[in-house]
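Undergrad: can you look at this prediction? I've put the sequence above it.
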Amino acid sequence: MKLKLIITSMIIVLFSACSDNKDEASVENFTKVINEHFKQRDFCIKLTDKIDKFPTETSSATTTLQEYKAYEKMGFLKLTPQRVKYQGMPGGGDKDGKIDGYTVKLTEKGKKAYHDDKKGSFTSKGFCIGQYQVKQISNYTTPTERNGFVMSRVDYTLTAMDIEDKIVEIVKEEKAKGRFYRAEVDKTKDESRALILTEMKGWVHEKDMRRR
């Protein structure tokens, strides 16, 4: 009886050690790795390439006015009526070369969300509005060796954290009008990615491997 208890205890200890192993293929380990990956990649709305820097000016003669107004509704920008330099076709504008328009400035909320360098999931200008986390892992493959790496294909669902419902609704409204066609603000999305086993860090998301 005593020997049986010792063997049972050893099995429990070994199982616990394996469960804490960062190299183990498990839902817990994969969830941690994917969440860590998205900590470095904010969920962002990309601005069109025609928008440069803030503060700036706009008018009805520009193609970006409606985009600015949408961001104003989101709380990122403040548009103030003002006479601005005409930027349309030659010969337009008043005698002084100006037209009714707006100055466009970032609000305090906009300053926190705006970036114009490498941030989020792309290199471009945009407003970062939240962060993805794993909602569930639906499947993963048995780790196998390919091209000198041990990897597992993981299927998972992400949910966007801290994103305002108001922003989601505004983007949907703009897309219905034929604008914001590049913006994707779904609160949940499915992905299938490879996680790669490394010697020093354990499992790593495939996109993080490319940046090493």
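TA: Now that the structure is in, tell me what you want to look at.
Undergrad: report the beta-bridge partners for the residue positioned nearest the centre of the chain.
TA: Nearest to the geometric centre of the chain sits residue 43, at 2.1 Å (C-alpha atoms, centre = their mean). Beta-bridge partners for residue 43, by DSSP bridges, are residue 130.
Undergrad: looks like it contacts residue 130 (just checking).
TA: Yes - here residue 43 reaches residue 130: they are 4.4 Å apart, a contact under C-beta atoms under 8 Å. (Glycine included, C-beta is placed from N, CA and C.)
Undergrad: what sits in contact with each of these two?
TA: Listed as contacting both residue 43 and residue 130 by C-beta atoms under 8 Å, 6 or more residues apart in numbering are 160, 163.
Undergrad: the chain: helices as residue ranges?
TA: 2-19, 27-39, 65-74, 108-113, 165-176, 206-210 (DSSP state H).
Undergrad: which stretch among these comes nearest residue 101?
TA: Residue 101 sits nearest to helix 65-74 of all the helices of the chain, at 8.1 Å, using C-beta to C-beta.
Undergrad: packing partners for the closest one?
TA: Applying 3 or more C-beta pairs under 8 Å, 6 or more residues apart in numbering; DSSP states H and E, one finds that helix 65-74 contacts strand 56-59, strand 77-85, strand 98-106, helix 165-176.
Undergrad: swap the cut-off to 10 Å and go again
TA: On a contact count with 3 or more C-beta pairs under 10 Å, 6 or more residues apart in numbering; DSSP states H and E, helix 65-74 meets strand 43-46, strand 56-59, strand 77-85, strand 98-106, helix 108-113, strand 126-140, helix 165-176.
Undergrad: from those, which stretch is densest packed?
TA: Counting by mean count of other C-beta atoms under 10 Å, strand 43-46 has the highest mean neighbour count of the helices and strands packed on helix 65-74, with a mean of 20.
Undergrad: what about that strand, distance to the chain center?
TA: 6 Å (C-alpha atoms, centre = their mean, to the nearest Å).
Undergrad: CA-only coordinates of that strand in PDB, if you can.
TA: Provided in PDB are the C-alpha atoms of strand 43-46 (Å, rounded to 0.1, in the frame of the first residue of the first chain):
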ATOM      1  CA  PHE A  43      -5.700  47.100 -33.000                       C
ATOM      2  CA  CYS A  44      -5.600  50.100 -35.300                       C
ATOM      3  CA  ILE A  45      -7.700  51.900 -38.000                       C
ATOM      4  CA  LYS A  46      -5.500  52.900 -40.900                       C
END
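Undergrad: residues in contact with that strand?
TA: Residues outside strand 43-46 that contact it (C-beta atoms under 10 Å, 6 or more residues apart in numbering) are 70-71, 74, 76, 113-115, 119-122, 124-132, 158, 160-163, 167, 170-171, 180, 182-185, 187.
Undergrad: no more questions from me, cheers.
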